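# okay, predicted coordinates and the sequence, questions at the end:
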Amino acid sequence: MTTYYSEDHEWVEVNGKFATVGITDFAQKQLGDVVFVELPEVGRELEKGEEAAVVESVKAASEVYSPIDGEVTEVNETLEDEPALVNSDAESDAWFFKIKIADKSQLDDLMNEEDYKAFVAEQE
Amino acid sequence: MADLSEARKTPLFALHEELGGSLVDFAGYALPVRYPAGIMAEHIHCRDSAALFDVSHMGQALLVGPDHVTTAKALEAITPSTFSKLAPGRMRYSVLLNDKGGIIDDFIVTRPEDPTLDGTLMLVVNGACKEKDYAFLSAKLPEGISLKRLDDKALIALQGPKAVDALSRHAARAEGLSFMSHTPDVINGVAVGISRCGYTGEDGFEISCNAGDAEALARLLLAEPEVEPAGLGARDSLRLESGLCLYGHDLDEDTDPAEANLGWAIQKSRREDGAFPGADRILKGLQDGPERIRVGIRLLGKAPAREGAEIQDQDGNVIGQVTSGGFAPTLQIPIAMGYVVPAFADIGTKINLVVRKRALEAEIASMPFVPQRYVRKP
């Protein structure tokens, strides 16, 4: 499995034709305490860059964008009851949704882990 | 990182950076929205123990006139509150009014305890409004009364049920103050002004000192076991839980004090004399009810609603707008404040808030959402 990263601080873990999407640890630190997560509906066709989910911290709402095109196949309902999981486990248990990849070539536009680390280092 | 190139630094700027504060430009100043502990922890620490906030961006100024009554009357001409009968060492919340009765700013007025300062009133105004306020005051004050800006002062808020314990180890007179009272004092050999007031709903103090003394004072207080630093984020969620207005959000120049539900700041004698700008509109609003009124809102689900969200009745008719909204760390539910037409202002009235095109269920709630714990008789 390979993990890719977007400039909007989403991670995309690819497993064959499917991918799991979440927000990075850097992103959760920027947001602060997460108090609510709104997830997309299963079956929804997402386009790359489209607003897919919303994360609410104490202070503000932030959008989560879909890093690639595809159909939502599953969402992490645990986040609806335990939004704070985004703070404690952003890059594992707190995944947001799974998607059926529509166009694998879009993954080429994303960063690998090394490039993402460099990207984040520039922002800090 | 936020662009802070245009932002001014408060005297505690270096300390905020050292403490790992996430700095933002607020009212033209680089101030921490939070420290590494995070808004939730900072908020809860303030409710449980004591939190230190840098509020040096706020405007401190003096009105200086020949005697108390003359200065007080000058201020009464542009506010709906009474100051002439304010006792020495006492403070009062009020609003500056434009000609239509709209709120230019909300602010705190203190009458110094020191009889040699008779004729002086101390003002604390909002940071984002201070230039506008000072221009307004300068234009409106009669001859013989001058406005003196205290731009070289810092202001530190120490808020929470244990603030009194921490501060009393250093300031002899803090403990004896009652809510909305002020005294000069000395901390570590440095002259300060201490007020028992704040904007969190908790007991607490605001300490004014010279800019050059602020960092040492903040470090002294932060070294006390009860005290942790807190940022603007916690300050906002604390004041919202306490039902307190934030200027520029819940109050503005189109809103009058009757609409803002600030009738308690308009004393009886002022209702009788009606000698303040916009008195017709404001007094009519107090008597017959205003066209819209500020209310507290409790959301019934988990999603928060933010400033600007439309308020609808259960049939989908627009009845108002949210002016502040967020998550209440003490209650662990989303809450909001907004304006509705009075027919929907009764506690318990079911309403909907429109967030991302969806109607969230909510109801009108009494404020404060969290009981205020001011110490009126120490």
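That came in fine, so what should we check first?
# what bridges to B:Pro325?
One thing to correct before we go on: residue B:325 is Gly, not Pro. B:Ala336 (DSSP bridges).
# burial of it, as a residue count?
Neighbours of B:Gly325 under the rule other C-beta atoms under 10 Å in any protein chain shown: 23. All C-beta spots, glycine's among them, are computed from the backbone N, C-alpha and C.
# from chain B, how far off is A:Gln28?
11 Å (C-beta to the nearest C-beta, to the nearest Å).
# that residue looks like it's in a helix, true?
Yes. Under DSSP: H, G, I helix; E, B strand; the rest coil, A:Gln28 falls within a helix.
# tell me the contacts of residue 53?
If you meant another chain, say so; for now it's chain A. For A:Ala53, the contact set (C-beta atoms under 8 Å, 6 or more residues apart in numbering or on different chains) comprises A:Val37, A:Glu38, A:Leu39, A:Pro40, A:Glu63, A:Val64, A:Phe96, A:Phe97.
# let's do chain B instead
B:Ile156, B:Ala157, B:Leu158, B:Gln159, B:Pro229, B:Ala230, B:Gly231, B:Ala234, B:Arg235.
# state the helix or strand in which it lies.
Element membership for B:Phe53 (DSSP states H and E) is strand B:50-54.
# the next helix or strand after that strand packs against which elements?
Tracing the chain C-terminally past strand B:50-54 and defining elements by DSSP H and E, one meets strand B:59-64 next. Strand B:59-64 sits against helix B:68-76, strand B:120-125, helix B:130-140, strand B:146-149, with contacts defined as 3 or more C-beta pairs under 8 Å, 6 or more residues apart in numbering or on different chains; DSSP states H and E.
# deepest in the core, which of these is it.
Counting by mean count of other C-beta atoms under 10 Å in any protein chain shown, strand B:120-125 has the highest mean neighbour count of those, with a mean of 22.
# and the angle for that strand with helix B:68-76?
Relative orientation of strand B:120-125 versus helix B:68-76 (axes from the mean of the first three to the mean of the last three C-alpha atoms, to 10 degrees): 30 degrees.
# who does strand B:120-125 touch, helix- and strand-wise?
strand B:59-64, helix B:68-76, strand B:103-110.
# same list (the ones you listed) but as a markdown table, adding mean pLDDT.
Listed next are the helices and strands packed on strand B:120-125 as a markdown table, based on pLDDT from 0 to 100:
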| stretch | mean pLDDT |
| --- | --- |
| strand B:59-64 | 98 |
| helix B:68-76 | 98 |
| strand B:103-110 | 98 |
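# what about the residue of chain B positioned farthest from its centre, which SS state?
Distance from the centre of chain B peaks at B:Asp315, with 35.6 Å (C-alpha atoms, centre = their mean). Of the three states, B:Asp315 takes coil under three-state DSSP.
# residues contacting it?
Applying C-beta under 8 Å, 6+ apart, no residues contact B:Asp315.
# next one: B:Val69
Counted by C-beta under 8 Å, 6+ apart, B:Val69 has contacts B:Ser84.
# now it: how far from B:Ser94?
17 Å (C-beta to C-beta, to the nearest Å).
# nearest spatial neighbour of the spatially most central residue of chain B, chain-adjacent residues omitted?
Closest to where the C-alpha atoms of chain B average out (C-alpha atoms, centre = their mean) is B:Tyr199, at 4.9 Å. Nearest non-adjacent residue to B:Tyr199, counting by C-beta to C-beta, 6 or more residues apart in numbering or on different chains: B:Arg239, 4.9 Å away.
# for the one residue sitting closest to the centre of chain A, which three-state class applies?
By C-alpha atoms, centre = their mean, chain A has its centre lying nearest to A:Gly22, at 2.6 Å. Three-state call for A:Gly22 (three-state DSSP): strand.
# re earlier: between the helices and strands packed on strand B:120-125, which one is nearest to B:Ile39?
strand B:103-110 (23.4 Å; C-beta to C-beta).
# burial of A:Leu31, as a residue count?
A:Leu31 has 23 neighbouring residues, counting by other C-beta under 10 Å.
# spell out which parts of chain A neighbour chain B.
A:32-33, A:35-36, A:38, A:54, A:56-61, A:80, A:83, A:123-124 (C-beta under 8 Å from any C-beta of the partner chain).
# please list the members of those residues that lie in helices.
Among the residues of chain A next to chain B, the residues falling in helices (DSSP state H) are A:Glu80, A:Gln123.
# PyMOL command for the buried members of the residues of chain A next to chain B?
Per 16 or more other C-beta atoms under 10 Å in any protein chain shown, the buried members of those correspond to this PyMOL selection:
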select buried, chain A and resi 32+33+35+36+38+54+56+57+58+59+61+83
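# residues contacting B:Lys153?
By C-beta under 8 Å, 6+ apart, the neighbours of B:Lys153 are B:Ser56, B:Gln60, B:Ser208, B:Cys209, B:Asn210, B:Ala211.
# contact residues of chain B facing chain A?
B:1, B:33-34, B:38-41, B:43, B:233, B:236-237, B:302-304, B:306, B:326-327, B:329, B:334, B:356.
# outline the domain layout of chain B.
B:1-289, B:292-365 (automatic domain parsing).
# about what we covered before: and of the helices and strands packed on strand B:120-125, who's closest to A:Lys17?
Proximity to A:Lys17 (C-beta to C-beta) singles out strand B:103-110 among the helices and strands packed on strand B:120-125, at 58.6 Å.
# against which helices or strands is the closest one packed?
Strand B:103-110 packs on strand B:91-97, strand B:120-125, helix B:130-140, going by 3+ C-beta pairs under 8 Å, 6+ apart.
# contacts for that strand next, please.
Taking C-beta under 8 Å, 6+ apart as the rule, strand B:103-110 contacts B:75, B:81, B:83, B:86, B:90-98, B:121-126, B:129, B:132-133, B:136, B:182, B:195, B:197, B:245, B:247, B:251-253, B:255-257, B:260, B:262.
# make it 6 Å
Outside of strand B:103-110, the residues within contact range by C-beta atoms under 6 Å, 6 or more residues apart in numbering or on different chains are B:83, B:91-96, B:98, B:121-126, B:129, B:133, B:136, B:182, B:247, B:251, B:255.
# same check on stretch B:287-303?
Contact with stretch B:287-303 is made by A:36, B:243, B:258-261, B:334-342, B:345, B:360-365, B:367, as judged by C-beta under 6 Å, 6+ apart.
# which of those residues fall in strands?
A:36, B:334-340, B:360-365 (DSSP state E).
# closest to B:Leu222 among those?
Nearest member of the ones in strands among the contacts of stretch B:287-303 to B:Leu222, counting by C-beta to C-beta, is B:Ile335, at 29.5 Å.
# pretty sure the closest one contacts B:Val370?
No. Contact criterion C-beta atoms under 6 Å: B:Ile335 and B:Val370 do not qualify, at 9.4 Å.
# the more surrounded of the two?
B:Ile335 (26 against 20).
# in contact with that one, which residues?
B:Arg298, B:Ala328, B:Phe369.
# filter these down to the ones in strands?
Per DSSP E, these map to strands at B:Arg298, B:Ala328.
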